[in-house]
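J.: need the 3D shape of this:
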Amino acid sequence: MTIQFSMLASGSTGNAFYIGTENEKILVDAGLSGKEMTRLFSEIDIDPNTLSRILVTHEHSDHIKGLGIFARKYQLPIYANEKTWQAMDQSIGKIDLDQKFLFRMEETKTFGDIDVESFAVSHDAADPMFFTFHYQGKKVALVTDLGYVSERIKKTVAGADALIFEANHDVEMLRMGRYPWSVKRRILGDTGHVSNEDCALALKDIIDDQTKRIYLAHLSKDNNMKDIARMSVESGLNQYGFKIGQQMTLHDTDPKHPTPLCEL
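T.: Numbers count the residues shown, from 1 in each chain. Down below sits the predicted model:
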């Protein structure tokens, strides 16, 4: 028995993550249209009708754009914390009461044969949280949309076999880019997004013997590029003594296409 996952879509235009076993299939966020969400699942040969539930990290549109439509179409229960429910209520349309569930911050829930642990992140949303997934000694951590990586987060995600981790922007591209200064300040701030350099800096404290795969996620379409993110993070990790390609592998994610299903 294995656990499989795919970063269905990742970037400033929309985010969705799939993780599942034979018995339990979970979607985290639905930040693309309902039609696009269905297409993403077809690319990894997963039938959305077999999904068990949807977990929500926070209410920003690049994480919930297709949530209401997708949940209604496939009759899926939605799990989010109380403040996120309040913040997204107007954006997702009518959701039946029997599809609404609470998943509190810093809580562990068991869904089928997967244990899911939620943890807080620093981001400019109502009550943003991300997740680690545990299955038969395997661990997958999903960490994006945060201004900085706290020691608590590092401890929570340490020991993961696979890390999906934010490398949102190249600082120089952001500083020189077309965004107004107020937006730049938000992205660079403690409730914004993690840069390529800070991604490597955080990973050096997280990576251990368990770490086999790292996925660079939530890249800005205006202030980053896959090659730049990968080179920057790899260079940083090499400096800290890690051997990419030997100890672990580094993977891209894409705003429109899923990563191949990975089995652990």
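J.: contacts, neighbours, all on C-alpha from now
T.: Noted.
J.: so Lys154 makes contact with Ile206?
T.: Yes: checked against Cα atoms under 8 Å, the pair Lys154 and Ile206 is within contact range at 5.7 Å.
J.: of those two, who's got more company?
T.: Each of Lys154 and Ile206 had its neighbours counted (other Cα atoms under 10 Å), and the higher figure belongs to Ile206 (19 against 16).
J.: I'd like the distance between that one and Lys65.
T.: Taking Cα to Cα, to the nearest Å as the measure, Ile206 and Lys65 are separated by 31 Å.
J.: same check on Ser150?
T.: Look at Ser150 and Lys65: by Cα to Cα, they are 28 Å apart.
J.: more crowded one of these two?
T.: Lys65 (23 against 14).
J.: how about the nearest residue to the more buried one, chain neighbours excluded?
T.: With Cα to Cα, 6 or more residues apart in numbering as the criterion, Lys65 has its nearest non-adjacent residue at 4.5 Å, and that residue is Gly31.
J.: how is that neighbour assigned, secondary-structure-wise?
T.: In the three-state summary, Gly31 is assigned as coil, counting by DSSP: H, G, I helix; E, B strand; the rest coil.
J.: likewise Asn223?
T.: With three-state DSSP as the basis, the three-state label of Asn223 is coil.
J.: what about it, how many neighbours?
T.: A total of 19 residues lie near Asn223 under the criterion other Cα under 10 Å.
J.: please report how far it lies from Leu51.
T.: Summarising the geometry, the distance separating Asn223 from Leu51, computed by Cα to Cα, is 34 Å.
J.: kindly report the same for Lys35.
T.: Remark: distance between Lys35 and Leu51 (Cα to Cα) = 16 Å.
J.: how close does Gly147 get to Asn238?
T.: Separation of Gly147 from Asn238 (Cα to Cα) stands at 24 Å.
J.: settle it for me: which of these two has more neighbours?
T.: Neighbours were tallied for Gly147 and for Asn238 using other Cα under 10 Å; the higher tally belongs to Gly147 (22 against 14).
J.: that one: what's it in contact with?
T.: Under the criterion of Cα atoms under 8 Å, 6 or more residues apart in numbering, the contact partners of Gly147 comprise 122-123, 187-194.
J.: can you tell me which residue is nearest the centre of the chain?
T.: Centre of the chain computed as the mean C-alpha position; nearest residue by Cα atoms, centre = their mean is Leu142, 4.6 Å away.
J.: beta partners of that residue?
T.: Phe131, Ile164 (DSSP bridges).
J.: double-check it against Phe130; I have them as touching.
T.: Yes: with contact defined as Cα under 8 Å, Leu142 reaches Phe130; the gap is 6.3 Å.
J.: by residue count, what's the longest helix in the chain?
T.: Residue-count comparison of every helix in the chain, with assignments taken from DSSP state H, identifies helix 226-239 as the longest.
J.: after that one comes which helix or strand?
T.: strand 249-252 (DSSP states H and E).
J.: and the next helix or strand past that next one?
T.: With secondary structure assigned by DSSP H and E, strand 249-252 is succeeded by strand 262-263.
J.: same for that next one, what does it pack against?
T.: Where contact means 3 or more Cα pairs under 8 Å, 6 or more residues apart in numbering; DSSP states H and E, strand 262-263 is packed against strand 4-9.
J.: what mean pLDDT does the strand it packs on have?
T.: Averaging pLDDT along strand 4-9 gives 98.
J.: and if you look at stretch 130-145?
T.: For stretch 130-145, the per-residue pLDDT values average out at 98.
J.: who touches it?
T.: By Cα under 8 Å, 6+ apart, the list of residues contacting stretch 130-145 reads 3, 57, 113-123, 156-157, 159-166, 192-194, 217-218, 264.
J.: that's all I had, so thanks and see you.
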